[in-house]
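**Student:** coords please:
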Amino acid sequence: SYSNQSSTPLRLTILYLHILIKTLMGASMKYFPGKYHSETGDISLLFRDHALSDAIGFVYSRWNPHDAASDFCNRLTGIRNNLVNKYGDDCLKSAVVPVILDGENCWEFYRNNGLPFMRAFFEQISNSGELKTVTCSEAVSDDEPGFFEANYEYQGRVVD
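**Tutor:** Numbering: from 1, shown residues only. I've put the predicted structure just below:
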């Protein structure tokens, strides 16, 4: 369970994959939102894609921006195709690849604070036809099916 100092209940949290593996059915579900039913209401769960997040945080700053964006989009397309092969096209209604930086300011290491990379990335996403960006709130909206139920508590760290 989670309690905070404010009166606002927690509604969304981002977790590392090792918590999913320890608590649920394993890594194959990391690309689908989860729900945990707490005493103060449901908490939506997203699981950070460690490899992609770290690629932005620590690797792509040394690459040509267009090549980095292409690699990133190719990885996303590979994840998409693997999910479709495993679960079928309907899984795409709720599948999400959370890319969440650790809190470091990686953009200071990119040329022009990452603007060329971000432009190339969003251009490639827009032109892809298979990929789209969503906010965390959109990813866990109740309008989309595909939530799995998390019914096990794992004592982990909470980062403010």
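**Student:** burial of Glu138, as a residue count?
**Tutor:** For Glu138, the count of nearby residues is 12 (other Cβ atoms under 10 Å). (C-beta placed from N, C-alpha, C; glycine too.)
**Student:** start the count at 481, not 1, going forward
**Tutor:** Shifting the count to begin at 481 puts that one at Glu618.
**Student:** how about the stretch of helix or strand it belongs to: buried residues?
**Tutor:** Element membership for Glu618 (DSSP states H and E) is helix 616-619. Applying a neighbour-count criterion of 16 or more other Cβ atoms under 10 Å, one finds 616, 619 buried in helix 616-619.
**Student:** pull it out as PDB, backbone CA atoms only.
**Tutor:** Taking C-alpha atoms only, helix 616-619 is exported to PDB below (Å, rounded to 0.1, in the frame of the first residue of the first chain):
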ATOM      1  CA  CYS A 616       0.600   8.300 -19.400                       C
ATOM      2  CA  SER A 617      -3.000   9.400 -18.700                       C
ATOM      3  CA  GLU A 618      -4.100   8.400 -22.200                       C
ATOM      4  CA  ALA A 619      -2.300   5.000 -21.800                       C
END
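**Student:** mind checking the SS state of Leu581?
**Tutor:** Taking DSSP: H, G, I helix; E, B strand; the rest coil as the rule, one finds Leu581 in the coil state.
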